[in-house]
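> Got a predicted structure plus its sequence, pasted below:
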Amino acid sequence: MEQYIIKGGNPLVGEVEISGAKNAALGILAAAIMTDDTVLIENLPDVRDINVLLEAMESIGVRVERLTRHAVMLNSAQIGDVRVDYEHIKRIRGSYYLIGALLGKYKRAEVLLPGGCNIGSRPIDLHIKGFKALGAKVTIRNGFIIAKADHLHGSHIFLDTVSVGATINIMTAAAMAEGYTIIENCAREPHVVDVANFLNSMGANIKGAGTDVIRIRGVQRLHRTEYSVIPDQIEAGTFMFAAAATKGDVMVKNVIPKHLEATTAKLLEIGCEVEEFDSAVRVVAAKRLCSTNVKTLPYPGYPTDMQPQIGVTLALARGTSIVTESIFENRFKYMDELARMGADVRVEGNTAIITGVEKLSGACVSAPDLRAGAALVIAALAAEGVTVVDDIVYIQRGYEEFDVKLRSLGAEIEKVSNEKEALKFRLRCG
Ligand code: UD1
């Protein structure tokens, strides 16, 4: 089993290129099956979740031609089956986007229920409510979610909770429903806008993505397109906090600074300097950081996917910080691991109380999920001594070449798969 082994203490310095947004790419790839024409998608991140989704799409007859590591050509004219029972699909969350896409195009979908990170109960009732409002019958049988409609029609849908997944999924199905759909209380995340832009580039008629009301006039046919996925704001934010926690100086390139505003605001609050350019941000942390309070919220609020990264950074800041998680109930599992490294942390319900310590020290820790795993790597980079991070398969789901990118910034990090390799690293790093 692969692990990261990390010798902490080096400030991260240099430039790093951010990959395409995983969560946007999942919605876009699924939506691409809605045309029989060939679609080119660029700036895909080469990460496990994306590759699993592409394999699942191949398993139902989508022709996937990989042009480069980051570009694919897709043709879905020969889809022979609307039943997606590719076993690995259970491991990813974004598999549920195939339901909206297949239902929109073929009026029928059978997809294994989604998995993904264990960060809370993660219901899909709002997705189902939306599909039903569009005229589908939805049942769950033998681990599959089955949606069927004689015909899909427009509807007026109010989402009880702001949900990224439900917004994208319902919008995707409605793009090919007959008539007019209004979705209210939508998620406004950049990846919702990116999927809407992608669908519009195929001939859909979607307005209002990025606001809390999306209006969709259904079309009968979608056509070919070429599209480039937006940069990953969570990967970017992760490197911004890695710079902050290690007292570094990092230029994070290929980003849309507007998407990073909540992260930038918190970094400024805790004492970093942040400089914005057209498609880059530079984070400099010259002195010891100070505490702050933060609450996760839907976009444009502070993202739940950036909560562990700020949590580990605050573990080294002067003073006491309060971090409130309002989206997923199970996102503080990394706190126990951080405590092993000497952090002073206490979790009460959906709140973590973090009193900054002068130093963290290396330990053996396990990545409890994707973002928390990346955050523990940040903690390790800032800690004294050697840390081993286990279960990095979670991190590999969403970060392309995390270790390679960190090494290019001066980090001492190695991916190892056995004791011998780990020992070699320890001998080399002294
Ligand atoms: C997506 C992201 C995930 C991110 C999250 C919030 C993907 C693949 N994953 O997850 O990285 O952490 O957005 O930004 O894009 N909810 C319901 N019923 C539903 C759907 C959601 O009650 O049918 C609740 C959830 O339990 C949660 C909240 O709504 O409390 C937000 O979840 P949602 O935005 O749907 O998250 P995901 O789309 O699963």
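All right, it came through fine.

> Every contact and neighbour count from this point should use C-alpha atoms.
Fine.

> what does the stretch 301-430 of the chain have sitting close to the ligand?
For the stretch 301-430 of the chain, the residues in contact with the ligand (C-alpha under 6 Å from any ligand atom) are 304-305, 327-328.

> Could you single out the nearest of these to residue 59?
residue 305 (30.1 Å; C-alpha to C-alpha).

> so who does the closest one touch?
By C-alpha atoms under 8 Å, 6 or more residues apart in numbering, the residues touching residue 305 are 234, 371.

> Quick check: it vs residue 167, distance?
Per C-alpha to C-alpha, to the nearest Å, residue 305 is found 18 Å from residue 167.

> do residue 370 as well
Applying C-alpha to C-alpha to residue 370 and residue 167 gives a distance of 22 Å.

> can you check residue 375 too?
Residue 375 sits 28 Å away from residue 167, going by C-alpha to C-alpha.

> who has more neighbours, the two?
The residue with more neighbours, out of residue 375 and residue 167, is residue 375; 28 against 25, by other C-alpha atoms under 10 Å.

> Then the more buried one would be within a helix, right?
Yes: when classified by DSSP: H, G, I helix; E, B strand; the rest coil, residue 375 is found to be part of a helix.

> The closest residue in space to it that isn't next to it in sequence: neighbour count?
With sequence-adjacent residues excluded and distances taken as C-alpha to C-alpha, 6 or more residues apart in numbering, residue 375 is closest to residue 309, at 4.6 Å. The local packing of residue 309 (other C-alpha under 10 Å) involves 27 other residues.

> In this structure residue 309 contacts residue 377, no?
No: between residue 309 and residue 377 there is no contact under C-alpha atoms under 8 Å: 9.4 Å.

> For residue 380, what is the enclosing helix or strand?
Using DSSP states H and E, residue 380 maps to helix 370-382.

> so where is this structure shaky, pLDDT-wise?
115-121 (pLDDT under 70).

> domains of it?
For the chain, automatic domain parsing gives the domain ranges 3-19+231-429, 22-228.

> So is the shortest one next to the ligand?
Yes: Domain 22-228 lies in contact with the ligand when judged by C-alpha under 6 Å from any ligand atom; the contacting residues are 23, 93-94, 122-127, 161-166.

> In the stretch 251-400 of the chain, which residue sits closest to the ligand?
residue 327 (4.3 Å; C-alpha to the nearest ligand atom).

> List the backbone torsions phi and psi for residue 255.
Reported as degrees, to the nearest 10, the phi and psi values for residue 255 are phi -130, psi 170.

> Drop the exposed ones from the residues of domain 22-228 next to the ligand and show what's left.
Buried members of the residues of domain 22-228 next to the ligand, scored by 16 or more other C-alpha atoms under 10 Å, are 23, 93-94, 126-127, 162-166.

> want to throw those residues into CSV with distance to residue 17 and secondary structure?
Output for those, formatted as CSV (distance: C-alpha to C-alpha, whole Å; DSSP: H, G, I helix; E, B strand; the rest coil):
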residue, distance to residue 17, secondary structure
23, 18, helix
93, 25, coil
94, 24, helix
126, 36, helix
127, 34, helix
162, 31, coil
163, 29, coil
164, 26, helix
165, 27, helix
166, 30, helix
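
> Pull the most distant pair out of the residues you listed.
23 and 126 (18.3 Å).

> Can stretch 262-271 be said to contact the ligand?
No: against the ligand, stretch 262-271 shows no contacts by C-alpha under 6 Å from any ligand atom, the least distance being 13.2 Å.

> Let me see the residues that make contact with that stretch.
237, 241, 244, 273-274, 285, 287-292, 300-303, 306, 317.

> in it, what counts as buried?
262-264, 266-267, 270-271.

> any chance of the residues you listed in TSV, with secondary structure too?
Shown next, in TSV, are the buried residues of stretch 262-271 (three-state DSSP):
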residue	secondary structure
262	helix
263	helix
264	helix
266	helix
267	helix
270	coil
271	coil
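
> Make CSV from those and add distance to residue 203 to it.
What follows is these, written out as CSV (distance: C-alpha to C-alpha, whole Å):
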residue, distance to residue 203
262, 33
263, 34
264, 35
266, 39
267, 40
270, 45
271, 46
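
> In TSV: the buried ones among the residues of domain 22-228 next to the ligand, plus distance to residue 152.
Shown next, in TSV, are those (distance: C-alpha to C-alpha, whole Å):
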residue	distance to residue 152
23	26
93	24
94	22
126	17
127	15
162	23
163	22
164	22
165	20
166	17
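
> Residue 217 versus residue 126, what's the distance?
From residue 126 over to residue 217 the distance is 21 Å, taken as C-alpha to C-alpha.

> actually residue 228, not the one I wrote
Distance, residue 228 to residue 217, by C-alpha to C-alpha: 24 Å.

> what does residue 84 give?
The gap separating residue 84 from residue 217 is 28 Å, by C-alpha to C-alpha.

> Over to residue 373?
Applying C-alpha to C-alpha, the value for residue 373 to residue 217 is 41 Å.

> which outside residues touch stretch 88-95?
23, 26-27, 49, 52-53, 56, 111-117, 165.

> Next step: those residues restricted to helices.
Among these, the subset assigned to helices under DSSP state H consists of 23, 26-27, 49, 52-53, 56, 165.

> quick check, nearest of the residues you listed to residue 144?
Within the ones in helices among the contacts of stretch 88-95, the smallest distance to residue 144 is 14.4 Å, found for residue 56 (C-alpha to C-alpha).
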